[in-house]
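Visitor: kindly generate the corresponding structure for this input.
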Amino acid sequence: MDAIYELFTNAATYRLITIVILSIFLGIEVISRVPSVLHTPLMSGANAIHGVVIIGAIIVMGSAHSDDYLALTLGFLAVILGTLNVVGGFVVTDRMLEMFSKKKKK
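Guide: Next up, the predicted model:
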C-alpha cells in the first residue's frame, strides 16, 4: 500500500497524468472537428498504424517470464486484437479505393 501512496505523491506522476488527461481532451476536440466524409479514411489509416501495438505486445511477451501468465495472456490478446485492427484497416482502405477505380465494361 505504501508503494501506491509513493507513486501518487511523486510530482512527475502528476505531470504524466496531467499530460494524459490533456491529450484526451485534445483528441476529442480534434476528432469532433473532422468532417464525416474524412472520418472513414482517417480511421482506416489509424487502424493500419496500430502495427506498433503488435510490435510492443511481441516485445512484452518475449521479455516476460514463463510463469508470468498475466503478461503472456495480455500480450497474446494484444497481438490478436492488434492484428484484427490492422487487417480491418487495410480491408476498409481497399474497399474505399475500389469505389474510386474505374469500372470495367462488359
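Visitor: pLDDT (mean, whole number) over the longest helix anywhere in the chain?
Guide: Across the chain, the longest stretch assigned as helix under DSSP state H is helix 69-100. The average pLDDT for helix 69-100 rounds to 85.
Visitor: likewise stretch 32-47?
Guide: On average, stretch 32-47 scores 73.
Visitor: outside of it, which residues touch it?
Guide: 85, 86, 88, 89, 90, 92, 93, 96 (C-beta atoms under 8 Å, 6 or more residues apart in numbering). Just so you know, the C-beta spots here come from the backbone N, C-alpha and C atoms, and that holds for glycine as well.
Visitor: go again with 10 Å.
Guide: By C-beta atoms under 10 Å, 6 or more residues apart in numbering, the list of residues contacting stretch 32-47 from outside reads 31, 82, 84-97.
Visitor: which ChimeraX command selects the buried ones in these?
Guide: Burial among these is assessed by 16 or more other C-beta atoms under 10 Å; the matching ChimeraX selection reads:
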select :82,85,86,89,92,93
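Visitor: so which of the contacts of stretch 32-47 is the closest to residue 14?
Guide: Of all these, residue 14 sits closest to residue 31, with 26.1 Å by C-beta to C-beta.
Visitor: let's verify that closest one: helix, strand, or coil?
Guide: helix (DSSP: H, G, I helix; E, B strand; the rest coil).
Visitor: how near is it to residue 38?
Guide: For residue 31, the distance to residue 38 equals 11 Å [C-beta to C-beta, to the nearest Å].
Visitor: and for residue 46?
Guide: Distance from residue 46 to residue 38, by C-beta to C-beta: 12 Å.
Visitor: same thing with residue 52?
Guide: Applying C-beta to C-beta to residue 52 and residue 38 gives a distance of 22 Å.
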